[in-house]
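Trainee: fold the following for me, if possible:
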Amino acid sequence: MRKLYTFSIILSMMILCPSSMRAKVSSMAELFGKYQFTATVEVTEAGEAFKDYFAAESEVIITKDAANIYDAQITGFAGAKGSEAMKVNAFSEEKQMFKVTNPSGNNYGVFGNGIYYSEADGKYPFGEVALGALYFTISDDAKTITVPDFTLVGNCDYDNSTCDVLAKFTNVKMVLLEAENIDIADISGEWTVKAGAGEYDTKPGSPLPTSYILTLAQNGDVNNYKATFTIDGIAPFTLDATFDGNTLSIPYDGNLVDEAKGYRIVGMYGSKSGNISFNYNSETSMTMGNSLVIGTVSQEEVDGEQKEVIEFVQWWMNGSAKKQAGAADFSWAGTYTSKTASYMDLSGGTDFLPTEGETVITYYEAIDAYYITKLFGFEVGNMNQGGMKLTLSADNPKEAEVSLNSSPYGAIYIKSSDDYQTWYKLTDVNGQATSLKLTANEDGTLTLGDFFVAKGEYGNETAYVCGYQTNTLTPAKEEPVVLTWDGTYEATASVTKYVEGDYPATFPIVIEPEGEYGQFVTTFITADANAANYGGIRFTPSKDDANKAEMASGMFVKNVEVGKTYWKIFDMNGSTSPISFTRNENGSLSIGSFSLFEISYDESWNEQKKCLALYDNITAQKSTSGIDNVSVSAGNDNDIRIFDLSGRQLKSAGNGRIVIVKTAKGVKKVLVK
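Mentor: Numbers count the residues shown, from 1 in each chain. Now for the predicted structure:
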């Protein structure tokens, strides 16, 4: 059985630890609302050209993460106008703080326009020198949130790893203007909880099953519950729980659940206390947050000392909880051939907006929700937060409302120009971002309400180009969808250093197409992963779940000094368990935590290992569909123009940078090598 010693190095990783003492603010949901951001801002000479893209005063919104991945999302911080929201990675009740690991966003799109967050000294925010997280501190009355001094930088020189400081922010605070009114649903009832389908989402060979029943009963009010766990092989046990409308939290403190077998609730990282959590999606769906872990606790002599040892029996990770709300006799999901019977050309020259094309409605089981992910051939799922969400009618199962609002963008976009200067959004017949009616007909077709397309600069799309009236969606013969992992990705991670050094928090990953001998990762942190591992690191997709895969660990990722010093990756415990890859609904990847080791060899080829850093909170975005791994002239050829991913033209681009390259032959995203 897998063992964990409570004095393990993992204890040093726990930056934000749960507390048994209840503080004034117990969850991020209590902070949801509208805030007034203020700061003292010193704009530098270099920043004068950018001053319209940040502000000393702005309205900030803290609310639920639209993708249900993070604890919350923040928009409007320091007047940010980019396409991404800041994502809150962790909340500490004990410290009354929360943190944002990547303040510039996973795709660096929080501020946009080539502007990036940096620490107070304005250092270069990319490459091997990782920025620390941005911490927010909550006041005693929970009305004010303070933030450390920081800078915004731009005009980045990727070859020389330098940026200009555009503005210095001091005396930063956010004052509550209006708390968000959260509709707290009643989640009472019986929920079936299933772990994820990955090889390590449950413990291989465990005597306990991979699913269980969670029964919730209100305990006096809508915020408090009794949570009863029914697991085959264990007598049912009950814990107190709280629900804030966003997160169901179930604290534990080494609770004994089977006296005869010595089974207790324990944590994955050496602690016997913590909380099990679920994120609320709908009346019938929750996604698993913090895992339920069952184990035994004993004393064992280690290095001559008696130490407390946790031995795992079973854990449930990356799963969901479902409540049966009655038999569903109709599904909206499918691929349709869509046609409009009345196309209105309002401006001319709109041939790229077709009168017919493929429309796809996707059902996401984990959040029990339908989305239009493709509309008339346009990939609205990629352009927006998952697509256009369907809200089903409570009175008629064959009617739904299709949202024209994609938080945090406030609009549904179907297209942008190649230079990202012109954007095309959908509106209703009144020019508003409300919703469209979708109706299922007796013949199996669907009728979609009338809509218009407007274009303009991002956020100011006011010129109407066409209208679609009387739209019919006819079920098409569905071809099997083959999902592939191959491609080039850009990953971001939280890096906890154990030895001072430069360890990249942002790095490329290249997964090659499956070949005769299987599939391999040829770039991971550096391209040395290819030659140093005789063709790459073995990558193994799951046979049971198309959205799960594993990558071998104990593999080389950097050749520091040929024949002497190398970097290797291991799992988070320093062993060679595979590293998990999970494909999320928005196309991003969540990658399991891993540790970075330095491997050195003496003249006799004796190996020495030293743990350098822990990588966690790892997400990766695919650089583009069908990205080419090509070398480009970094601005030396007048026929080539290079832009960052926010559309800002660059003078040069360093190795490992994903950029947009415009040539006489067209536009594409590439990884500079």
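Trainee: residues near N160, how many?
Mentor: Using other C-beta atoms under 10 Å as the criterion, N160 is surrounded by 10 other residues. For the C-beta atoms, the positions are set from N, CA and C on the backbone; glycine is no exception.
Trainee: hang on, I meant T434
Mentor: Counted with other C-beta under 10 Å, the neighbours of T434 add up to 14.
Trainee: could you do the one 10 residues further on as well?
Mentor: Using other C-beta under 10 Å as the criterion, G444 is surrounded by 11 other residues.
Trainee: and what of the one 5 residues further on?
Mentor: G449 is flanked by 18 other residues according to other C-beta under 10 Å.
Trainee: wouldn't it be in contact with L473 here?
Mentor: No - G449 is beyond contact range of L473, at 11.6 Å (criterion: C-beta atoms under 8 Å).
Trainee: for the stretch 101-250 of the chain, just list every one of the helices.
Mentor: Read by DSSP state H, counting those that start in this stretch, the stretch 101-250 of the chain holds no helices at all.
Trainee: and the strands in it, which stretches?
Mentor: Per DSSP state E, counting those that start in this stretch, the stretch 101-250 of the chain carries strands over the ranges 116-119, 134-138, 144-147, 150-157, 162-179, 189-194, 211-218, 224-230, 237-243, 247-253.
Trainee: helices or strands up against the fifth one?
Mentor: Based on contacts counted as 3 or more C-beta pairs under 8 Å, 6 or more residues apart in numbering; DSSP states H and E, the elements that strand 162-179 packs against are strand 33-43, strand 116-119, strand 144-147, strand 150-157.
Trainee: contacts for the second one, please.
Mentor: Contacting residues not belonging to strand 116-119 are listed as 103-104, 108, 110-111, 124-126, 131-132, 134, 150-154, 156, 163, 165 [C-beta atoms under 8 Å, 6 or more residues apart in numbering].
Trainee: mind giving me the PyMOL command for buried ones among those residues?
Mentor: To isolate the buried ones among those in PyMOL, judged by 16 or more other C-beta atoms under 10 Å, type:
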select buried, resi 103+104+108+110+111+124+125+126+131+134+150+151+152+153+154+156+163+165
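Trainee: contacting residues for the closest residue to K99 other than its chain neighbours?
Mentor: The shortest distance from K99 to any non-neighbouring residue, by C-beta to C-beta, 6 or more residues apart in numbering, is to A133 (4.4 Å). By C-beta under 8 Å, 6+ apart, the contact list for A133 reads 89, 99-101, 103, 494.
Trainee: among these, which two are most distant?
Mentor: P103 and S494 (12.3 Å; C-beta to C-beta).
Trainee: help me confirm that K425 comes into contact with E461.
Mentor: Yes - at 4.8 Å, K425 and E461 qualify as touching, with contact defined as C-beta under 8 Å.
Trainee: who has more neighbours, these two?
Mentor: The neighbour comparison of K425 against E461 (other C-beta under 10 Å) goes to K425, with 25 against 20.
Trainee: now the more buried one, what's its secondary structure?
Mentor: strand (DSSP: H, G, I helix; E, B strand; the rest coil).
Trainee: measure it to L31 for me?
Mentor: 30 Å (C-beta to C-beta, to the nearest Å).
Trainee: which neighbours do K425 and E461 share?
Mentor: Joint contacts of K425 and E461 (C-beta under 8 Å, 6+ apart) are 411, 454-455.
Trainee: for ChimeraX, write the select line for the buried members of those residues.
Mentor: The following ChimeraX line selects those of the shared contacts of K425 and E461 that are buried, judged by 16+ other C-beta under 10 Å:
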select :411,454,455
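Trainee: ok, of the shared contacts of K425 and E461, which one's closest to V41?
Mentor: A411 (28.7 Å).
Trainee: and the closest residue to that closest one other than its chain neighbours, what pLDDT?
Mentor: Closest residue to A411 apart from its sequence neighbours, by C-beta to C-beta, 6+ apart: K425 at 4.4 Å. Looking at K425, its pLDDT is 90.
Trainee: packed most tightly, which of the helices and strands packed on strand 162-179 would that be?
Mentor: Ranked by mean neighbour count, the helices and strands packed on strand 162-179 are led by strand 150-157 with a mean of 23 (mean count of other C-beta atoms under 10 Å).
Trainee: avg pLDDT for that one?
Mentor: Strand 150-157 comes out at a mean pLDDT of 93.
Trainee: and stretch 511-525, how far apart are its ends?
Mentor: End-to-end distance for stretch 511-525: 12 Å, by C-alpha to C-alpha, to the nearest Å.
Trainee: what residues does that stretch touch?
Mentor: Stretch 511-525 has contacts (C-beta under 8 Å, 6+ apart) with 484-489, 504, 507-510, 529-530, 535-541, 551, 555, 557-558, 567, 569.
Trainee: restricted to helices, list these.
Mentor: 529-530 (DSSP state H).
Trainee: could you flag which of the contacts of stretch 511-525 are buried?
Mentor: By 16+ other C-beta under 10 Å, these give 485, 487-489, 504, 507-510, 529-530, 536-539, 541, 551, 555, 557-558, 567, 569 as buried.
Trainee: leaving out the residues flanking it, which one is nearest to the residue positioned nearest the centre of the chain?
Mentor: The centroid of the chain falls nearest to I69 when counting by C-alpha atoms, centre = their mean (5.4 Å). In space, and not counting its chain neighbours, I69 is closest to N584: 6.9 Å by C-beta to C-beta, 6+ apart.
Trainee: that neighbour and S590 touch, don't they?
Mentor: Yes - using C-beta under 8 Å, N584 makes contact with S590 at a distance of 6.0 Å.
Trainee: most tightly packed of the strands of the stretch 101-250 of the chain?
Mentor: Mean neighbour count (mean count of other C-beta under 10 Å) peaks for strand 150-157 among these, with a mean of 23.
Trainee: related to what we said a few turns ago, where's the dip in pLDDT among the shared contacts of K425 and E461?
Mentor: Minimum confidence in the shared contacts of K425 and E461 sits at A411, scoring 84.
Trainee: which stretches of the stretch 201-350 of the chain have low pLDDT?
Mentor: 324-329, 348-350 (pLDDT under 70).
Trainee: so can I have TSV of the shared contacts of K425 and E461 showing secondary structure?
Mentor: Shown next, in TSV, are the shared contacts of K425 and E461 (three-state DSSP):
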residue	secondary structure
A411	coil
A454	strand
K455	strand
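Trainee: pLDDT weak spots in the stretch 351-500 of the chain?
Mentor: Those would be 351-352, 366-367, 407-409, 478-482, if you go by pLDDT under 70 across the stretch 351-500 of the chain.
Trainee: please enumerate the helices of it.
Mentor: Counting by DSSP H, counting those that start in this stretch, the helices of the stretch 351-500 of the chain are 380-383.
Trainee: thinking again about what came up before, any idea what the residue nearest to A411 is bridged to?
Mentor: Y413, A454 (DSSP bridges).
Trainee: show me what contacts it?
Mentor: So K425 contacts 411-414, 433, 453-455, 461 (C-beta under 8 Å, 6+ apart).
Trainee: need the max-distance pair from those residues.
Mentor: Maximum distance among the contacts of K425 (C-beta to C-beta): 14.7 Å, for A433 and K455.
Trainee: the closest residue to F237 other than its chain neighbours: neighbour count?
Mentor: Leaving aside its chain neighbours, F237 sits nearest to V257 (4.6 Å; criterion: C-beta to C-beta, 6+ apart). For V257, the count of nearby residues is 18 (other C-beta under 10 Å).
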